[in-house]
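Novice: Any chance you can model this:
(one chain, ligands or ions: 1)
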Amino acid sequence: MAARHGLGRAWAGCSLQGRRLAHAGAGGQLQREYDAVVIGGGHNGLVAAAYLQKSGVRTAVLERRHLLGGAAVTEEIIPGFKFSRASYLLSLLRPQISTELELQRHGLRVYARDPYSFTPVLEDGQAQRSLLLGHDMAETQRQIAQFSSKDAQAYPKYEAFLSRLVSAIDPLLDAAPVDPAAWSQGPLLQRLRALRGLQPLLRAGLALGKQLPQYYQVLTAPITRILDLWFESEPLKATLATDAVIGAMTSPYTPGSGYVLLHHVMGELEGRKGAWGYVAGGMGGVSQAIAGAAAAHGADIFTEKPVARVLLGPRGEAQGVVLQDGTEVKSKLVLSNASAQLTFLKLVPPRPAREIAREPHYPACSLAVAAPVSGEEQLPEEFLQHVAQLDTRSPVTKINVAVDRLPSFLAVPNAGAGRPLPHHQCSIHLNCEDTDLLHRAFQEASSGEPSTRPMIELCIPSALDPTLAPPGCHVVSLFTQYTPYTLAGGRPWDEQEQNAYADRVFDWVEAYAPGFKASVVGRDILTPPALEKIFGLPGGNIFHGAMSLDQLYFARPVPSYSGYRSPIPGLYLCGSGAHPGGGVMGAPGRNAASVALEDFKHM
Ligand SMILES: Cc1cc2nc3c(=O)[nH]c(=O)nc-3n(C[C@H](O)[C@H](O)[C@H](O)COP(=O)(O)OP(=O)(O)OC[C@H]3O[C@@H](n4cnc5c(N)ncnc54)[C@H](O)[C@@H]3O)c2cc1C
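Specialist: Residues are numbered from 1 along each chain as shown. Next up, the predicted model:
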């Protein structure tokens, strides 16, 4: 198995036969030519590289930062405290990726959580009652019954209703979306083959049967309308609604929020549907396991190799990349794990119109041939316009906090010796007493002000994984919204604004868990502009672009280009900007690799 060297080094590859090769890539040397280059070592880029290399395609991954994983990383930003600096919970990773890449063998371990959700409720300024949800349905119903016995009865039926929808949609995640253009052009056989792509859609429809209209409503309605149909108690509805707005600059009253909820319940952990867990050692553990698998198959993986642009051939096809230091790395395939906006607006160079006029079409990719090239751009104007106008708004500010003791919540105070109690392993929902609070927090951010009463998801992964913090200490993740990217009046998100917002969030945590503020050892505040700058997330959007209905399935990243190919032959999008979207899922990487492999066979 490959060993990871220090910063700016390569993961040395092994042969397809599992034998360590003395090929030129081993020992950390970047080759001048590969079959495939992957721009970016986020988890999706690493997944794509692993599948390509596993199929015998010589692949290099070039990551801009000093560490692999993109938004799935572990960083020791405060000495002694290891943070899942951006993403912090695993569930969505496609199970077949774990199996096919043998991620357990490459070190992936996950702490499953049960119970998984805790909502303390502030009443008369005191948090007395709380709502604890877990996999023990009878206990969960007892918890819900504190607020409404009707809701306690309805809850198992709601779970069953949602899980049927999740099972129906599940197969759609593991292949490119249907391509309507392919049905109407090309030879008959090709068109018939394209029609086969409809099968998963039809199967999904059939699986939902006569309840299809109800499920259609879940996908398109505001989540409040769906939850109001099922439940009456506000703490339960607000807790469930958080999944519908997480990472989205939308209110629970926004149509389409139901799909975001679905996206957050469609994962599984150790065979348990909808379960989320902490990766041992932090989220970087999942990226390292994937990188380990890719390297074991022979991929060369480099950090501190920022790509400046895609290298284009005489016919406008991708021919490799140019690094920021001017180094050229040639390849037949280029897969970009960067966002669609970074890829197409920054990394694809324009070229003079006169050159375009002289050149014949490049035959490798039908979509590319069909796309007109206009003006000074390499890319069709309409495509560029769609990419530039993608909705990348984000409400998220993540605050990573090091504390010297376990938070003690008024609703369930700590027992002696500060040992973690069941609720400490949960997603702890603060300011979720009712759905209107979430809506008001959204409204404030929409007018350019960070919420005065933000929605907070507080997690303490060290409650299950003691390796993350020194003895007795803990790491606390505060996933908060809503904060706008641009503050009203053009105020910059400077240190003063960041600290003011973080202080406000801490005040709220203090209201539920007195003593929290005094326990803080250090903090790392990641506003939307900071998420953009550090992780390359456009607008700070945690999914590379909103998961709104108009930017999903065959409209992701933009209409007519959902099949991972781009108007540049040989250039593919393999990150969260592509179908089926964001989250530590690996599906875009796996699907893109499969499409690129298909083209590679015909090159
Ligand atoms: C604060 C936060 C919390 C989240 N919480 C969760 C969670 O708990 N669970 C979950 O499932 N998901 C969560 N997400 C979402 C999830 O982390 C992302 O959707 C996912 O990690 C994106 O993976 P990716 O591989 O597609 O892209 P990225 O992780 O964004 O990787 C892209 C990579 O490309 C690199 N790159 C960009 N440009 C260049 C260049 N020019 N040259 C070289 N390299 C380049 C970047 O540095 C980066 O490493 C969260 C995200 C954030 C930000």
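
Novice: ok, residue 96 - contacts?
Specialist: 174, 590 (C-beta atoms under 8 Å, 6 or more residues apart in numbering). C-beta: built from backbone N, CA, C; applies to glycine.

Novice: Now do the strand or helix carrying it: distance to the chain's middle.
Specialist: Using DSSP states H and E, the element containing residue 96 is helix 95-100. The offset between the C-alpha centroid of helix 95-100 and the centroid of the whole chain comes to 17 Å, using C-alpha atoms, centre = their mean, to the nearest Å.

Novice: Pairing partners for the next helix or strand after that helix, with directions?
Specialist: On the C-terminal side of helix 95-100, the closest following helix or strand by DSSP H and E is strand 110-112. Here strand 110-112 is paired, per DSSP bridges, with strand 277-279 (antiparallel).

Novice: do the helix or strand that comes right after the partner strand and the ligand meet?
Specialist: The first helix or strand that comes after strand 277-279 along the chain, using DSSP H and E, is helix 284-297. No: against the ligand, helix 284-297 shows no contacts by C-beta under 6 Å from any ligand atom, the least distance being 8.3 Å.

Novice: Just the CA trace of helix 284-297, in CSV.
Specialist: Output of helix 284-297 as CSV, limited to C-alpha atoms (Å, rounded to 0.1, in the frame of the first residue of the first chain):
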residue,chain,number,x,y,z
GLY,A,284,-10.1,13.6,6.1
GLY,A,285,-10.2,9.9,6.9
VAL,A,286,-12.5,9.3,4.1
SER,A,287,-10.4,11.2,1.6
GLN,A,288,-7.3,9.5,2.7
ALA,A,289,-8.9,6.1,2.3
ILE,A,290,-10.0,7.0,-1.2
ALA,A,291,-6.5,8.4,-2.0
GLY,A,292,-5.0,5.2,-0.6
ALA,A,293,-7.1,3.1,-2.9
ALA,A,294,-6.2,5.2,-5.9
ALA,A,295,-2.5,5.1,-5.1
ALA,A,296,-2.7,1.4,-4.5
HIS,A,297,-4.0,1.0,-8.1
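
Novice: now for it, which elements pack on it?
Specialist: strand 10-11, helix 43-54, strand 59-62, strand 74-78, strand 300-302 (3 or more C-beta pairs under 8 Å, 6 or more residues apart in numbering; DSSP states H and E).

Novice: cutoff 7 Å now
Specialist: helix 43-54, strand 300-302 (3 or more C-beta pairs under 7 Å, 6 or more residues apart in numbering; DSSP states H and E).

Novice: low pLDDT regions in the stretch 301-450 of the chain?
Specialist: Residue ranges of the stretch 301-450 of the chain with pLDDT under 70: 351-377.

Novice: switch to 80 and redo it
Specialist: Residues of the stretch 301-450 of the chain meeting the criterion pLDDT under 80: 350-377, 416-417.

Novice: Skip ahead from the lowest-mean-pLDDT helix or strand in the chain and say which helix or strand is next.
Specialist: Least confident helix or strand, the chain: helix 366-370 with a mean of 32, by mean pLDDT, DSSP states H and E. Proceeding C-terminally, helix 366-370 gives way to helix 381-388 as the next helix or strand, assigned by DSSP H and E.

Novice: which bits of the stretch 351-500 of the chain sit near the ligand?
Specialist: So the stretch 351-500 of the chain meets the ligand at 396, 398, 479 (C-beta under 6 Å from any ligand atom).

Novice: buried residues in whichever strand or helix holds residue 442?
Specialist: Following DSSP H and E, one finds residue 442 within helix 435-446. Neighbour-count burial for helix 435-446 flags 435, 437, 438, 439, 440, 441, 442, 444, 445 (criterion: 16 or more other C-beta atoms under 10 Å).

Novice: From the chain's centroid, how far away is it?
Specialist: With C-alpha atoms, centre = their mean as the basis, helix 435-446 stands 23 Å off its chain's centre.

Novice: Equivalent analysis for stretch 442-451, please.
Specialist: That offset, for stretch 442-451, works out to 24 Å (C-alpha atoms, centre = their mean).

Novice: Stretch 421-431 too?
Specialist: 22 Å.

Novice: what bridges to residue 33?
Specialist: residue 330.

Novice: and it, how many residues sit next to it?
Specialist: For residue 33, the count of nearby residues is 13 (other C-beta atoms under 10 Å).

Novice: Isn't it up against residue 328?
Specialist: No: using C-beta atoms under 7 Å, residue 33 makes no contact with residue 328, being 9.3 Å away.

Novice: Pull whichever strand or helix holds residue 319 out as CSV, backbone CA atoms only.
Specialist: Following DSSP H and E, one finds residue 319 within strand 318-323. What follows is strand 318-323, C-alpha atoms only, in CSV (Å, rounded to 0.1, in the frame of the first residue of the first chain):
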residue,chain,number,x,y,z
ALA,A,318,-8.3,19.2,-23.9
GLN,A,319,-4.7,18.0,-24.1
GLY,A,320,-3.7,18.3,-20.5
VAL,A,321,-3.1,21.1,-18.1
VAL,A,322,-0.6,23.9,-17.3
LEU,A,323,0.3,24.4,-13.7
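
Novice: so where's the stretch 1-150 of the chain uncertain?
Specialist: Checking the stretch 1-150 of the chain against pLDDT under 80 turns up 1-28, 124-127.

Novice: Near the ligand, which residues of it? Just list them.
Specialist: Counting by C-beta under 6 Å from any ligand atom, the residues of the stretch 1-150 of the chain near the ligand are 39-45, 62-65, 70-72, 86-89, 92.

Novice: Now the buried members of those residues.
Specialist: Going by neighbour count (16+ other C-beta under 10 Å), those have 39-45, 62-65, 70-72, 86-89, 92 buried.

Novice: Return the distance of residue 156 relative to residue 208.
Specialist: For residue 156, the distance to residue 208 equals 19 Å [C-beta to C-beta, to the nearest Å].
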